[in-house]
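Novice: Dropping a prediction and its sequence here:
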Amino acid sequence: EDQVTQSPEALRLQEGESSSLNCSYTVSGLRGLFWYRQDPGKGPEFLFTLYSAGEEKEKERLKATLTKKESFLHITAPKPEDSATYLCAVYSDKLIFGTGTRLQVFP
Amino acid sequence: GAGVSQSPSNKVTEKGKDVELRCDPISGHTALYWYRQRLGQGLEFLIYFQGNSAPDKSGLPSDRFSAERTGESVSTLTIQRTQQEDSAVYLCASTLGGLARSDTQYFGPGTRLTVL
């Protein structure tokens, strides 16, 4: 059965303290892996799409990487405004979301 | 330009009633998606429309759920005989192309459905 697991469930960081969020997946025939940011009470905001192992994408303080089993979202020198829930989704024959990592960055 | 809009923003209904949720995608976007997000949980894929192709309905949880799309514009998600477990935020998203392309998904603000 296709599965997507995100870890940790919650992460508290000091401003400037870099870290990584993990998205592990087991699917048959990966067609794409997506990262989103979701603020409370709002719809998700698309961040990245990754299609093949070894691919990397960057946007400001965020960098997403992909292997055959997992993806990492690296956050470099985070700021309080990076606080949000980060969602990962995998597309094979359907789109499956993880439950997200709730990130809090304190000044 | 306008983003994805959804209406109503909030809907409270009684168990057993039918509800219709509306999504207006970004103009020109060929693909439209519906998701459900229960409190404290991740997004659950419901249905995907891509151009004139048959919709991917694989995520619809039961035959009480149905969705339609008029061409490449507005979509309605209908839930018949609502149950309390249908309470959730229903999110709509659109993309210029399909999921297999590197297209940004734009989400609407969602409709919060509460079934009493």
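Specialist: Done, it's in. Residues are numbered from 1 along each chain as shown, chains lettered A, B, ... in the order given.
Novice: Leaving aside the residues adjacent along the chain, what's closest to the residue of chain A found nearest chain B?
Specialist: Residue nearest to chain B within chain A: A:G43 (3.2 Å; CB to the nearest CB). For every residue, glycine as well, the C-beta is placed using N, CA and C. Leaving aside its chain neighbours, A:G43 sits nearest to B:F107 (3.2 Å; criterion: CB to CB, 6 or more residues apart in numbering or on different chains).
Novice: picking that back up, am I right that the residue of chain A closest to chain B falls within a helix?
Specialist: No - counting by DSSP: H, G, I helix; E, B strand; the rest coil, A:G43 is not found in a helix; it is coil.
Novice: Next up, the contacts around it.
Specialist: By CB atoms under 8 Å, 6 or more residues apart in numbering or on different chains, the contact set of A:G43 is B:V4, B:L91, B:A93, B:F107, B:G108, B:P109, B:G110.
Novice: Quick one: the strands in the chain, in order.
Specialist: No chain in the question, so chain A it is. Assigned by DSSP state E, the strands in chain A fall at A:3-7, A:10-14, A:19-26, A:32-38, A:45-50, A:56-59, A:62-66, A:70-75, A:84-91, A:95-97, A:101-106.
Novice: if you could check chain B rather than the one you did, that'd help
Specialist: Residue ranges of the strands in chain B, as given by DSSP E, are B:5-7, B:10-13, B:19-24, B:31-37, B:43-50, B:65-69, B:75-79, B:88-95, B:106-107, B:111-115.
Novice: Backbone dihedrals for the residue of chain A closest to chain B, both of them.
Specialist: For A:G43, the backbone dihedrals (degrees, to the nearest 10) come out as phi -70, psi 160.
Novice: What separation is there between it and B:Y33?
Specialist: Counting by CB to CB, to the nearest Å, the gap from A:G43 to B:Y33 is 11 Å.
Novice: Overlap in contacts, the two.
Specialist: B:A93.
Novice: wait, doesn't the residue nearest to A:G43 sit right on B:Y90?
Specialist: No - B:F107 lies out of contact with B:Y90 (CB atoms under 8 Å); the separation is 11.3 Å.
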